[in-house]
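In: Quick one: sequence plus predicted model below, questions after.
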Amino acid sequence: MSSTPPLPPFAAVLLAGGRSTRMGRDKAELIIDGQPLWQRQLGELRALNPAELFISGRSDGPYAGAGVEIVTDAVPDLGPLAGIAATLQRTTAPLLLVLAIDLPRISRGLLTTLVTAARQSGAGVVPQSERGFEPLAAVYPRTALPAARACLRGSDRSLQHFVRHLIDVGVVSAWPFAPGWRDELRNVNTPDDL
């Protein structure tokens, strides 16, 4: 009688460290469905029961009293890749689910699908459409940390470049969009986007 090995644990991080300049105020404090966006997003992540839960952002952000470890960027103002790298360095789990603060329409179902696919394969999963990758609702393996550090030292810190490299070295797979995901993965950057 063979037993199925347990699925690897995963950690989750809410990326909330952006400057929100186009929005004109901190996106984390936007009220969505009657609650601050950071609370909504953190609730979605908590419901997945990650082994570890983090917020990547300012230590004095609106979420400071949430009872979740806040991970700050080693070097500020390098974009979301710096938050991903800092959290990959901090986590002990082999997989890290990343969720950006500015994806208010994302569903628990989509996040569960990504986590399940990553845990079953043991590798990262990044949604992809004809427009490119959706790297801010994705799962990265902890083994992506050296690549993240290398990208941060280079001149191209774009997440598209980072994900393409991870796919090329075989630690992440592109996950084709399901038809209903487009709206869920639409971010809010300006007041008009709300």
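Out: The structure has been received and is ready for your questions.
In: so for the longest helix seen in the chain, what's the average pLDDT?
Out: Longest helix of the chain, by residue count under DSSP state H: helix 108-121. Helix 108-121 comes out with an average pLDDT of 93.
In: Start and end of stretch 72-79, how far apart?
Out: One end of stretch 72-79 to the other measures 12 Å (C-alpha to C-alpha, to the nearest Å).
In: Residues contacting it, please?
Out: 17, 19, 56-59, 82-83, 85-86, 152, 157, 159 (C-beta atoms under 8 Å, 6 or more residues apart in numbering). C-beta coordinates here come from the backbone N, C-alpha and C atoms, glycine included.
In: please redo it, this time with the cut-off set to 7 Å
Out: With contact meaning C-beta atoms under 7 Å, 6 or more residues apart in numbering, stretch 72-79 is reached by 17, 59, 82-83, 86, 152, 157.
In: The residues you listed: which two are farthest apart?
Out: Using C-beta to C-beta, the pair of the contacts of stretch 72-79 lying farthest apart is Ser59 and Arg157, separated by 22.3 Å.
In: if you count what's nearby, which of these two comes out ahead?
Out: Arg157 (16 against 9; other C-beta atoms under 10 Å).
In: quick one: what helix or strand has that one in it?
Out: Using DSSP states H and E, Arg157 falls within no helix or strand.
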